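*Asks:* dropping the sequence and predicted coords here.
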Amino acid sequence: MTSKVILFSYTNYPSLISNLEREGVKMGQNGLLRHGSFTFDLQGVSRAASHQIVRHRIASFSQQSQRYVKITRSYGYLKPSGIPEDLKVPVEIHGQKLDLTFSDVMDLTRQAEEGLVAKGIKAEDGRYLRPNAATTNIVMSMSPRQLIHFFNLRCAPDAQWEIRDLAWSMYAAVSLVAPQVFGPLPAADESDYIKKRVLLVSDLVQKQTEMFEKTPPGELFHLELQPYLDFAHPVDGFVRKY
Ligand SMILES: Cc1cc2nc3c(=O)[nH]c(=O)nc-3n(C[C@H](O)[C@H](O)[C@H](O)COP(=O)(O)OP(=O)(O)OC[C@H]3O[C@@H](n4cnc5c(N)ncnc54)[C@H](O)[C@@H]3O)c2cc1C
């Protein structure tokens, strides 16, 4: 399943800077970090990743309800690429032995959840069967200063692959719309991995800035992230043009 990172609302820094200057206030990058907000719609992310994301306390979140969104067998899940599609594990239930793939187990949990609801169990209780791989949508707003903290932790090589892919996608999106605020990440000083990727983001942003500028206001610009960044899972990046 492809995750989507959509930056759909953000502070217009050129306008903020010129308005402040008109009032005689001059601000450098450090000053600008204290002002502004970025709102992302993260779609198709696993519950495992959304749980990691909401650990960041200096942010606002709205997450898709599991109680009220009806479950169907077509609901999404994210399979880690490290688990081969055809890998089977032996399980035993009621004396019967079965060899199941990851997808088989996902299908079973969805059938069981649907079955409970069909038997009159409330959806809010049925959802207790849902695995960490089940996907969700989450809207997140953060200030630039907190985003940098988030990127320093979650773009790092020891961060888990899914949240790391999301964090790099978000970093690319904010680098496109607010280069005045988001330069190289402070964590790049201590990590060659981060340093290399910051350069790749700078390159991909440079190549796509002209196309972004030509995007009609209000439309979503598709920010190409792969193959520039070798992600562990497919992520599509989008940025709304003002
Ligand atoms: C690689 C990695 C592995 C992890 N593994 C685990 C794990 O095994 N178990 C686990 O539980 N968590 C784990 N975490 C999550 C981690 O412990 C943090 O909860 C998460 O990274 C959010 O970081 P934060 O608290 O700095 O950020 P935020 O909550 O966004 O806060 C940002 C900063 O604001 C300040 N701040 C925020 N709230 C307060 C407060 N109430 N009082 C004082 N200062 C505050 C702090 O300086 C903080 O650093 C892991 C994180 C990473 C990156």
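*Replies:* Right, received. Where do you want to start? Numbers count the residues shown, from 1 in each chain.
*Asks:* how is the chain partitioned into domains?
*Replies:* Domain assignment of the chain by automatic domain parsing yields the ranges 3-66+134-240, 89-129.
*Asks:* output those domains as CSV; include the columns mean pLDDT and distance to Pro80.
*Replies:* C-beta: built from backbone N, CA, C; applies to glycine. Output for the domains of the chain, formatted as CSV (pLDDT from 0 to 100; distance: least, C-beta to C-beta, whole Å):
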stretch, mean pLDDT, distance to Pro80
domain 3-66+134-240, 95, 7
domain 89-129, 95, 8
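*Asks:* could those be laid out in CSV, adding distance to Leu78?
*Replies:* Shown next, in CSV, are the domains of the chain (distance: least, C-beta to C-beta, whole Å):
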stretch, distance to Leu78
domain 3-66+134-240, 4
domain 89-129, 10
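*Asks:* which parts of the chain are strands?
*Replies:* With DSSP state E, the ranges of strands along the chain come out as 3-10, 38-46, 60-63, 89-93, 96-100, 135-142, 220-223, 235-240.
*Asks:* so the most centrally placed residue in the chain versus Lys4, what's the distance?
*Replies:* Nearest to the mean C-alpha position of the chain, counting by C-alpha atoms, centre = their mean, stands Leu166 at 3.8 Å. For Leu166, the distance to Lys4 (C-beta to C-beta, to the nearest Å) stands at 10 Å.
*Asks:* just Pro131 next, same as before
*Replies:* Taken as C-beta to C-beta, the span from Pro131 to Lys4 is 21 Å.
*Asks:* okay, the strands of the chain in JSON lines with distance to the ligand and mean neighbour count next?
*Replies:* Putting these into JSON lines (distance: least, C-beta to the nearest ligand atom, whole Å; neighbours: other C-beta atoms under 10 Å) gives the following:
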{"stretch": "strand 3-10", "distance to the ligand": "18", "mean neighbour count": "20"}
{"stretch": "strand 38-46", "distance to the ligand": "14", "mean neighbour count": "22"}
{"stretch": "strand 60-63", "distance to the ligand": "11", "mean neighbour count": "13"}
{"stretch": "strand 89-93", "distance to the ligand": "25", "mean neighbour count": "10"}
{"stretch": "strand 96-100", "distance to the ligand": "28", "mean neighbour count": "10"}
{"stretch": "strand 135-142", "distance to the ligand": "8", "mean neighbour count": "19"}
{"stretch": "strand 220-223", "distance to the ligand": "24", "mean neighbour count": "18"}
{"stretch": "strand 235-240", "distance to the ligand": "18", "mean neighbour count": "21"}
